[in-house]
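**Student:** Following is a predicted model, sequence given first.
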Amino acid sequence: MLEKLKELGVLSPRKAEDYKKAWYKFSRNPLSIAGLAIVILVVALAILAPYVTPYPHHAGFFVDYDNANQPPSLAHPFGTDQFGRDVLTRIIFGFRYSLMMAATVLAIVTPPGVILGLIAGYYRDRWPDIVIMRVADIFVAVPPLVLALAICSVLEPNIFNAMMAVSLMWWPWYTRLVYGMASSLRMEPFVQAAEIVGASKFHIMFKEILPNCLGAILTKVTLDAAWVIILGSALSFVGLGAQPPTPDLGTMLSDGAKYMPGIWWITVFPAIAIAVIVLGFNLLGDGIRDVFAAEAH
Amino acid sequence: MSNDNILEVINLKKYFKVSKGTIKAVDDISFTVKYGETFGLVGESGSGKSTTGHVIVGLYAPTSGRILFEGADISAGVERRPLSLKKKIQMVFQDPATSLNPKRTIKQIIELPLKVHDICHGDTSQKVAELLQMVELPVEYMDRYPTELGGGEKQMVAIARALAVNPSFIILDEPTSALDVSIQAKIINMLMRFQKEFNLSYLFITHNLSLMRNVASRVAIMYLGKIVELASTEEFFYNPLHPYTKMLLSSIPVITDEEEAMKPKKIISTGEIPGALNVPPGCSFHPRCPERLEICDKVEPFMLEISSGHLVKCHLYDFTKA
């Protein structure tokens, strides 16, 4: 595919070479490839859910008591739940909510977290550093799950409030990551050279320092996707996240738990699904870290 | 009188406060750099020579003292300096591996000064290509990243970046000490050529004394933040006065007997430069000095002008007290 893009002139030969090298480093670890495959598969299933699931209409509110609690069979590979809905269909639709939650939270959290970290790191030991980092410390001190529980129980428990609550607690981790890197990078001679020549602070922060942090940020985003998915599922599990009949993996777990261990498939398959997504993102994150760590040497 | 000086450093001090006390990195030094000359600032690691360069270029504001550039006071830190001043003073760093951003292409690196100072409008490719040719690098390097270049090539890019703004004064902070010997000569020759071509003044910071003999017109030697001897290069090498200078000169390795004869008689180097936190009292060199007097550990010597332009900071030459 790279070759094609190169021929079309979309990709400069040099960039194509860079991607090739990065892919080589990434692909040397089979676990990274497995992680990438899992993430691609889950994302593809989530996007194409209405077309690939056997019973798309089972995703939402649907009742078919005649077929309730059927064990896994050819017609229902993961069985059916207490309302007769196909568990496989609901898991695949559940991927949508998990991924959407991860994507939304990380999209909200990363830009402000990174920018605040850049500013605090660049102005190390001066007032922007002190103000930003002390506020970040306060937010870090509160466990995300506890705050999310508090917010969702005071406000209406729904997936939107859950995402806002998690986002509110998550940005300081990006601020801290970038702060550490920026405060050491700003002493690098290439930053000093830019200062000597009179480059603007904007240029120094975003064009000189930020590009050197992107690898670490991308790694963290990937690893955090797994954490946000776990957190979202946990909120749904205790009834403060997605509400029935939304096919959320956490909701499915808590619904099915009542029927354990006899009707195990309602619970076990969503649980495995969560584990697989989390594992996929973790392996992918480790693979990305390998690529950038190798680059740093 | 001062109009043939491009740079005047007067009683410059730079102290750093650390948890264990105060580090006097640069402690009351004065020197001048004339238009078009190469002024060599020599010292062991930790002598404060790089800090001096960093203060002059504005990366640190001085603790006290004045820096005059073309007669104007420029003692403020880099943030307070006007853009027009940043155009005139540039710096080449020791290690080109860290002075070029690994995430930016050679073109992006060299065009930054062009853009900041609005030197060429629109497409900068033409000007960047000229600069690359000037430092004898292929124009194709434009789209490469620094990691793809050799050490010497990277340093040439750094030199091209410094020259992009047409500066009048360049601080060379050990520009060759991180490079292979074969490339060092090439870089030095190039720097000397540009000096003539563009009428540049250099402050050449180095620990390499033999290099100074070839490139500098005047040399100052620093020890623990102070200048202990300052002289024209010829005076410095043929008539060294300060015991520290003699010690350093006698420790330059030479090959022939002829060269050996030219060196001051062998002085065994003893000890190492003490930490900057516990500078010895009196003359800070006295614990290592082979010719120390009784007064040396009590009273700090003054700078004495022994002959025109030859200054030394040593009690041995203070005949008023003898």
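**Tutor:** Looks like it arrived, so ask away. Residues are numbered from 1 along each chain as shown, chains lettered A, B, ... in the order given.

**Student:** hey, where'd the helices end up in the stretch 1-150 of chain B?
**Tutor:** B:49-57, B:83-88, B:96-99, B:106-116, B:125-134 (DSSP state H, counting those that start in this stretch).

**Student:** what pLDDT, on average, does the third one get?
**Tutor:** Helix B:96-99 shows a mean pLDDT of 90 in the predicted model.

**Student:** Any chance you could list what contacts that helix?
**Tutor:** Around helix B:96-99, the neighbours that count as contacts under CB atoms under 8 Å, 6 or more residues apart in numbering or on different chains are A:188-190, A:192-193, B:92-93, B:146, B:151, B:154-155, B:157-158, B:178-179. No exception for glycine: its C-beta is placed from N, CA and C like everyone else's.

**Student:** Can you tell me which one of those sits lowest on pLDDT?
**Tutor:** B:Ala178 (83).

**Student:** Now do the contacts for it.
**Tutor:** Here B:Ala178 is in contact with B:94-97, B:151, B:155 (CB under 8 Å, 6+ apart).

**Student:** circling back to that earlier point, tell me which of the contacts of helix B:96-99 fall in strands.
**Tutor:** B:Val92 (DSSP state E).

**Student:** closest one to A:Phe206 among the helices of the stretch 1-150 of chain B?
**Tutor:** Ranking the helices of the stretch 1-150 of chain B by distance to A:Phe206, with CB to CB as the measure, places helix B:106-116 first at 13.1 Å.

**Student:** Touching that closest one from outside, list them.
**Tutor:** Applying CB under 8 Å, 6+ apart, the external contacts of helix B:106-116 come out as A:194, A:197-200, A:203, B:83, B:100-101, B:119-120, B:124-125, B:127-128, B:131-132, B:141-146, B:149, B:157, B:160-161, B:164-165.

**Student:** helices and strands of chain B: which one has the lowest mean pLDDT?
**Tutor:** Here the helix or strand of chain B ranked lowest by mean pLDDT, DSSP states H and E is helix B:257-262, holding a mean of 70.

**Student:** Please export the C-alpha coordinates of the helix or strand just after it as CSV.
**Tutor:** Moving toward the C-terminus from helix B:257-262, the next helix or strand (DSSP states H and E) is strand B:304-307. Output in CSV follows, covering the C-alpha atoms of strand B:304-307 (Å, rounded to 0.1, in the frame of the first residue of the first chain):
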residue,chain,number,x,y,z
LEU,B,304,47.7,43.2,36.7
GLU,B,305,48.7,44.5,33.3
ILE,B,306,52.3,43.3,32.9
SER,B,307,52.8,44.6,29.5
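
**Student:** in its sheet, what does strand B:304-307 sit against?
**Tutor:** Using DSSP bridges, strand B:304-307 pairs in its sheet with strand B:310-312 (antiparallel).

**Student:** gap between the residue nearest the centre of chain A and chain B?
**Tutor:** Taking CA atoms, centre = their mean, the centroid of chain A lies closest to A:Ala225, which sits 1.7 Å from it. Computed as CB to the nearest CB, to the nearest Å, the A:Ala225 to chain B distance reads 24 Å.

**Student:** close enough to count as contact, that residue and A:Phe281?
**Tutor:** Yes. Assessed by CB atoms under 8 Å, A:Ala225 is found in contact with A:Phe281 at 4.6 Å.

**Student:** Identify the contacts common to the two.
**Tutor:** Here A:Ala225 and A:Phe281 share the contacting residues A:Ala102, scored by CB under 8 Å, 6+ apart.

**Student:** Pull out the buried positions in stretch B:284-293.
**Tutor:** B:284-286, B:288-289, B:292-293 (16 or more other CB atoms under 10 Å in any protein chain shown).

**Student:** Is chain B within reach of stretch A:160-178?
**Tutor:** No. Using CB under 8 Å from any CB of the partner chain, stretch A:160-178 stays clear of chain B, coming no nearer than 14.8 Å.

**Student:** chain center to that stretch: distance?
**Tutor:** The chain centre lies 12 Å from the centre of stretch A:160-178; the measure is CA atoms, centre = their mean, to the nearest Å.

**Student:** Can you give me the buried ones in it?
**Tutor:** For stretch A:160-178, a neighbour-count test (16+ other CB under 10 Å) marks A:161-178 as buried.

**Student:** What is the three-state secondary structure of residue 203?
**Tutor:** Since you didn't name a chain, this refers to chain A. Look at A:His203: counting by DSSP: H, G, I helix; E, B strand; the rest coil, its state is helix.

**Student:** my bad, chain B
**Tutor:** strand.

**Student:** Many thanks, have a good one.
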